[in-house]
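Engineer: A predicted structure for the sequence below; I have some questions about it.
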Amino acid sequence: MCERTSGAEGQPRNVVWRLYTEYADDGRRYAALGTVATLVGRTVSLVPALVIGLAVDAVFLAQRPYNLPFVPADLIPADATGQLYFSVTVLVVATAVGAVASWVEDWGWSVFAQRVQRSLRVDAYDALQRQELAYFTRRRTGDLMSVLNNDVNALQTFLEDGLSATVWILATVAGIGAILVGLNPALTAITLLPIPLLAAFTLAFTRIVEPRYLGVREEIGDLNARLENSVSGIEVIKTQGGESFETERVREASESYLRASLAAIRVRITYFPGLTLISGAGFAVTFLVGGLWVLGVAPFGFSGTLTPGAFVTFVIYAQQFIWPIIRLGDVVDDYERAKTAGLRVDELLGRDAAVTDRPDAPDLTVTDGAVTFADVSFAYREQPVIRDVDVDIAGGATVGVVGPTGAGKSTLLKLLPRLYDADEGSVRIDGQDIRDVTIRSLRQSIGYVSQDPFLFYGTVAENIRYGTFDATDEEVERAAERAQAAEFVRKLPDGFDTPVGERGVKLSGGQRQRLAIARTMLKDPEILILDEATSAVDTETEALIQASLREFAADRTTFVIAHRLSTVRNAGRILVLDGGRVVDDGSHEDLLCADGLYANLWRVQVGDVQSLPAEFLERALERQSTILSDGDE
Ligand SMILES: Nc1ncnc2c1ncn2[C@@H]1O[C@H](COP(=O)(O)OP(=O)(O)OP(=O)(O)O)[C@@H](O)[C@H]1O
């Protein structure tokens, strides 16, 4: 993994080069191999024009002696037929060497680009998963996938094709340029005339196409996000009959992508013919001036003779000189795409996560497992959710957390493993501020079971083992027994080896919850958070799980969030949240005596609705309207 030396800001224009230098490490020697092969290939590709021109002048017209640079004179046959055979042999050898060089060139550049792509993708994913949870709720999954896939691939394409082409172009222009000057400096000056025009045209192209390519990349992100959402929500689409609506949404996203692509394509396809036109006009001028010269009517006061053979060689080279310049168009185009993609990848790589370790933070040391929320407040962006929560929880206690929907119960407990950081106040475990210890040790000490646990595609055993990767099969099975999961797992087609999650056996919500509880029991954390962890199982199974959980929770601090108050009535202490504040705090009996919100919630659950005070119903209506209006925004 790479240490980054600079972020996206400051040098955005060099983003492709910077990513290449940072990630080239283990592919650099392949790039060197590709470069050498390109140079060899370019050199031998210069041979045919030289040999053909020489054959015309020396073999067919006998206007000059047959001699080739770097070839000893005694190797060259004396008679014209022998020289023709020799010329053909040189052409065949040059073509064969060129073919081998081309293979090595492709291999070198491809391996280099693929290796950079691999390292870059792994680092980009690593940077992504280090971002705070809020980042993931703000960005759409499909758009993030697009950065990891399409944008990283665009960079690879440029490295594979663009960089090798750049070396090819430079070698060709330098080699042929030198030969042209050697052959006829005056005619070379004519050949070079279109270059400033080509440069100005290319600059104008990059300025116009850049924002359009950025637009294309954003539209790909949007389209991916739309597709991802529409595939993930297939159950709702089917049950709600939303197929046509969804197809329409995909059509709209595809339409926007099409518009953005066409806007870029219009510029791109204008660029290439433009380049060809300018270079072609330049070539025509060279051909005219050279032709007149061969005919003995050299313009511009050019003096000396130009033989037909030398002119043929010059013209072939001059045309070979123009092709790289036109090819430059491809390179510039690939570069522009890579640059806009690189900016998106670089933004992710250079982004500092909001929740990180302080430098030299020590590990958390849990002694009793005492938890303190000291004047804690928290808002999701602008919406305050937790307000001035100030509670001390003794180590080893079991604490129920209840309250109406949207009261902030889950949010309060997500502050404990630092899924979010409190805006005000502090959260402490055994006196240590959780922001002062390493996140790894903090999360190692906390087990979190949510109401809708996620299963990875993999076997049941792998899912239980997730987080305690070195657990033995026996430990996995024991954890499953304790979580009341072993029985249903053994009935699956391959027991603990049955694939579950996406593409695997579909498990019910209650079964997934039991696997998540097993996963947490295996982890054996000092602090346990059960966020509606048994809400999806039937009451009989819940009673069994509760019995194991009670035993499991006995020697560790445990928070139990529950709507079903029977789940928490035996907890030593119950916190009642309303509107982000703790409004009641005590045991089940204390809270019934206090006759506050908890007592009313209890009345609802035991069916004693008649004795609910009018204010409770008014407040419930008020809460519902707030939730609905929040949802409308
Ligand atoms: N990631 C988020 N981004 C923005 N707002 C959020 C986010 N998660 C929760 N909220 C909002 O914060 C408020 C509290 O949510 P939270 O899930 O903590 O409540 P809760 O008491 O656990 O509710 P429930 O009993 O329904 O699970 C709600 O208004 C909710 O809409």
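Structural biologist: Structure received.
Engineer: near the ligand, which residues of this structure are found?
Structural biologist: Taking Cβ under 6 Å from any ligand atom as the criterion, the neighbours of the ligand within the chain are 137, 380, 385, 403, 405-411, 630. C-beta: built from backbone N, CA, C; applies to glycine.
Engineer: now do 5 Å
Structural biologist: When proximity is defined as Cβ under 5 Å from any ligand atom, the chain approaches the ligand at 137, 380, 385, 405-411.
Engineer: which element is the residue in the stretch 201-350 of the chain that the ligand sits nearest to on?
Structural biologist: Of all residues in the stretch 201-350 of the chain, the one sitting closest to the ligand is Asn229 (16.7 Å; Cβ to the nearest ligand atom). Using DSSP states H and E, Asn229 falls within helix 195-232.
Engineer: average pLDDT for that helix, rounded please.
Structural biologist: Computed over helix 195-232, the mean pLDDT rounds to 85.
Engineer: gap between it and the chain center?
Structural biologist: Chain-centre distance of helix 195-232: 17 Å, with Cα atoms, centre = their mean, to the nearest Å.
Engineer: same check on stretch 93-103?
Structural biologist: Using Cα atoms, centre = their mean, the offset of stretch 93-103 from its chain centre is 38 Å.
Engineer: average pLDDT for that stretch?
Structural biologist: According to the model, stretch 93-103 has a mean pLDDT of 91.
Engineer: which of the residues in that stretch are buried?
Structural biologist: Using 16 or more other Cβ atoms under 10 Å as the test for burial, stretch 93-103 gives 94, 97-98, 101-102.
Engineer: contacts for it?
Structural biologist: With Cβ atoms under 8 Å, 6 or more residues apart in numbering as the test, stretch 93-103 has contacts from 37-38, 40-41, 44-45, 47-48, 51.
Engineer: again with stretch 358-366
Structural biologist: Residues outside stretch 358-366 that contact it (Cβ under 8 Å, 6+ apart): 429-430, 432, 434-438, 440-442, 445, 526-527.
Engineer: try stretch 250-267
Structural biologist: Contacts of stretch 250-267 (Cβ under 8 Å, 6+ apart): 205, 208-209, 212-213, 215-216, 218-220, 222-223, 226-227, 230.
Engineer: change it to 7 Å
Structural biologist: Residues outside stretch 250-267 that contact it (Cβ atoms under 7 Å, 6 or more residues apart in numbering) are 205, 208-209, 212-213, 215-216, 219-220, 222-223, 226-227, 230.
Engineer: neighbour count and distance to Phe86 added to those, as a markdown table?
Structural biologist: Listed next are the contacts of stretch 250-267 as a markdown table, based on neighbours: other Cβ atoms under 10 Å; distance: Cβ to Cβ, whole Å:
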| residue | neighbour count | distance to Phe86 |
| --- | --- | --- |
| Phe205 | 21 | 46 |
| Ile208 | 17 | 52 |
| Val209 | 24 | 49 |
| Arg212 | 19 | 54 |
| Tyr213 | 24 | 51 |
| Gly215 | 18 | 58 |
| Val216 | 24 | 54 |
| Glu219 | 22 | 59 |
| Ile220 | 24 | 56 |
| Asp222 | 19 | 63 |
| Leu223 | 23 | 60 |
| Arg226 | 22 | 65 |
| Leu227 | 17 | 62 |
| Ser230 | 19 | 68 |
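Engineer: nearest to Ala571, of these?
Structural biologist: Nearest to Ala571 out of the contacts of stretch 250-267 is Ser230 (Cβ to Cβ; 42.3 Å).
Engineer: touching, that closest one and Glu246? I think so.
Structural biologist: Yes: contact criterion Cβ atoms under 7 Å: Ser230 and Glu246 qualify, at 5.0 Å.
Engineer: wait, what's in contact with the residue nearest the centre of the chain?
Structural biologist: The residue lying closest to the centre of the chain (Cα atoms, centre = their mean) is Leu148, at 2.0 Å. Contacts for Leu148 (Cβ under 7 Å, 6+ apart) come out as 121, 124-125.
Engineer: and with 8 Å instead?
Structural biologist: Contacts for Leu148 were tallied using Cβ under 8 Å, 6+ apart; they are 121, 124-125, 128.
Engineer: make a ChimeraX selection of the buried ones in the residues you listed.
Structural biologist: Selection of buried members from the contacts of Leu148 for ChimeraX, criterion 16+ other Cβ under 10 Å:
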select :121,124,128
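Engineer: just send the contacts of stretch 93-103 back as a markdown table, with distance to Asp585 too.
Structural biologist: Putting the contacts of stretch 93-103 into a markdown table (distance: Cβ to Cβ, whole Å) gives the following:
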| residue | distance to Asp585 |
| --- | --- |
| Ala37 | 75 |
| Thr38 | 74 |
| Val40 | 80 |
| Gly41 | 79 |
| Val44 | 85 |
| Ser45 | 84 |
| Val47 | 90 |
| Pro48 | 91 |
| Val51 | 95 |
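Engineer: so which of those residues is the most crowded?
Structural biologist: In terms of neighbour count, Thr38 stands highest of those at 27 neighbours, by other Cβ atoms under 10 Å.
Engineer: work out for me the element the residue nearest to that one when sequence neighbours are not counted sits within.
Structural biologist: Distances taken as Cβ to Cβ, 6 or more residues apart in numbering place Val167 nearest to Thr38, at 4.6 Å, with adjacent residues excluded. Assigned by DSSP H and E, Val167 belongs to helix 164-183.
Engineer: just checking, what packs against that helix?
Structural biologist: helix 28-45, helix 80-129, helix 185-192, helix 308-349 (3 or more Cβ pairs under 8 Å, 6 or more residues apart in numbering; DSSP states H and E).
Engineer: and among those, the most buried is which?
Structural biologist: helix 308-349 (a mean of 21; mean count of other Cβ atoms under 10 Å).
Engineer: what's it packed up against?
Structural biologist: Short answer (3+ Cβ pairs under 8 Å, 6+ apart): helix 308-349 packs on helix 15-23, helix 47-54, helix 80-129, helix 152-157, helix 164-183, helix 185-192, helix 195-232, helix 243-294.
Engineer: state the distance from the residue nearest to Thr38 to the ligand.
Structural biologist: Counting by Cβ to the nearest ligand atom, to the nearest Å, the separation of Val167 from the ligand is 49 Å.
Engineer: what do you get for Ala485?
Structural biologist: Distance from Ala485 to the ligand, by Cβ to the nearest ligand atom: 23 Å.
Engineer: which residue is the nearest non-sequential neighbour of that residue?
Structural biologist: Closest to Ala485 by Cβ to Cβ, 6+ apart is Arg514, at 3.8 Å.
Engineer: and what of Ser232?
Structural biologist: Thr141 is the one closest to Ser232 (Cβ to Cβ, 6+ apart), at 8.0 Å.
Engineer: next one: Leu120
Structural biologist: Tyr23 is the one closest to Leu120 (Cβ to Cβ, 6+ apart), at 5.0 Å.
Engineer: how many residues are close by that neighbour?
Structural biologist: 22.
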